[in-house]
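Novice: structure, please.
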Amino acid sequence: MLWLLAAIFLDFGFIQLFKLGQRRGYAAPVVISVNYLTIGIVLGLYLLVWGSWSVPPAALATGIGSGAVFLASMLALNHALRLLPAGPVLTTYRLSLFAPLALGVWLWHEPLSLRQLGGLGLAGIALALMSAGPGANSALPARKIFGLLAAVFLLQGLCTTAIRSVHYQGLDAYILPYIVLAGLTAGALGFAYIRLRGLAFTAPAVRLGLGIGLYNALALPIVMTALGHWPGTIYFPVAGCGALILDNLCAHYFWREKLTPYAIAGALLAALALVLIIN
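Specialist: Below you'll find the model as predicted:
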């Protein structure tokens, strides 16, 4: 249980740090790329000094592939948030957890009782309510809106599925090399994207990316360890609902954002969903 609670709080902390960069108007691709490169370098140096760089081909391929998907997912999320209201984008992002959850039941035969299935249904509604909020209507055509939201859902679903697959490939002993490879790949591709777009590296954005990268160098191994201890049918909905409850409370009390009736109803529903899922 301690691993699961630690993963929830660390995920919540990452959300707040990323939100800080958005509030201050930092270029998201710069923050994201520096973050990933920092993760790869810091954990890579740790392995060079105290660990081992013996990496099987499966971990190598999974790490590099994951890094490419991680960057694509974050860029798609940032692009969607620039063009669409935050409510549907964040709802889609959160609901993407059902992709690895469903694949976990199908591919890896993770346990799912009827009680938990009911809890998952409540969790989906709760996530949608907590992510909903006021926002201007988009002037984009419906086909483009659907395409953007589908990209966010599929790419984030692939990210969490890739992370989950590490355990089922028997690569738990290679978590750190996997994270290093994913971080270096995402960081290198991110810097190439920044050069192609002609974006500027501002000192505040770089500093925040470094800070988030150091934070995630601690958070990601804990999250992946928690996934090794808990089936995805429990981890994903509990972590998603738990982090979003904390995010809404922080938005209200720290960021001074108004907590909508939808968010309050979603938090109460999420609490009931967590009881059903864990028991």
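
Novice: residue 53 in helix, strand or coil?
Specialist: The three-state label given to residue 53 by DSSP: H, G, I helix; E, B strand; the rest coil is coil.

Novice: could you list the buried residues of the helix or strand hosting residue 215?
Specialist: Using DSSP states H and E, residue 215 falls within helix 203-229. For helix 203-229, burial by neighbour count (16 or more other CB atoms under 10 Å) applies to 205-206, 208-213, 215-217, 219-220, 222-227. Just so you know, the C-beta spots here come from the backbone N, C-alpha and C atoms, and that holds for glycine as well.

Novice: since we're on residue 94, how many residues are nearby?
Specialist: Look at residue 94: counted by other CB atoms under 10 Å, it has 23 neighbours.

Novice: tell me which element the closest residue in space to it that isn't next to it in sequence falls in.
Specialist: Leaving out its chain neighbours, the residue that sits closest to residue 94 by CB to CB, 6 or more residues apart in numbering is residue 127, at 4.4 Å. For residue 127, the element it lies in under DSSP H and E is helix 114-131.

Novice: then residue 99?
Specialist: Per DSSP H and E: helix 98-107 holds residue 99.

Novice: buried set for that helix?
Specialist: By neighbour count on 16+ other CB under 10 Å, the buried set for helix 98-107 is 98, 99, 100, 101, 102, 103, 104, 105.

Novice: identify the farthest-apart pair in the residues you listed.
Specialist: 99 and 105 (11.4 Å; CB to CB).

Novice: on that earlier part again, just the angle for the helix holding residue 215 relative to helix 98-107, thanks.
Specialist: Going by axes from the mean of the first three to the mean of the last three CA atoms, to 10 degrees, helix 203-229 is angled at 30 degrees with respect to helix 98-107.

Novice: quick one: mean pLDDT over helix 203-229.
Specialist: Helix 203-229 shows a mean pLDDT of 92.

Novice: element containing the closest residue to residue 212 other than its chain neighbours?
Specialist: Nearest residue to residue 212, sequence neighbours excluded (CB to CB, 6+ apart): residue 35, at 4.4 Å. Using DSSP H and E, residue 35 maps to helix 28-50.

Novice: now do that helix: which elements does it pack against?
Specialist: Identification of packing neighbours for helix 28-50 by 3 or more CB pairs under 8 Å, 6 or more residues apart in numbering; DSSP states H and E yields helix 2-23, helix 57-83, helix 175-197, helix 203-229.

Novice: which one of those is the most hemmed in?
Specialist: helix 175-197 (a mean of 20; mean count of other CB atoms under 10 Å).

Novice: other residues contacting that helix?
Specialist: 29-30, 32-41, 43-44, 46-47, 51, 53, 55, 59-60, 62-64, 66-68, 70-71, 75, 166, 171, 201, 213, 220-221, 224-225 (CB atoms under 8 Å, 6 or more residues apart in numbering).

Novice: please report phi then psi for residue 84.
Specialist: phi -120, psi 160 (degrees, to the nearest 10).

Novice: oh, I was asking about residue 24
Specialist: Phi and psi for residue 24, reported as degrees, to the nearest 10, are phi -90, psi 0.
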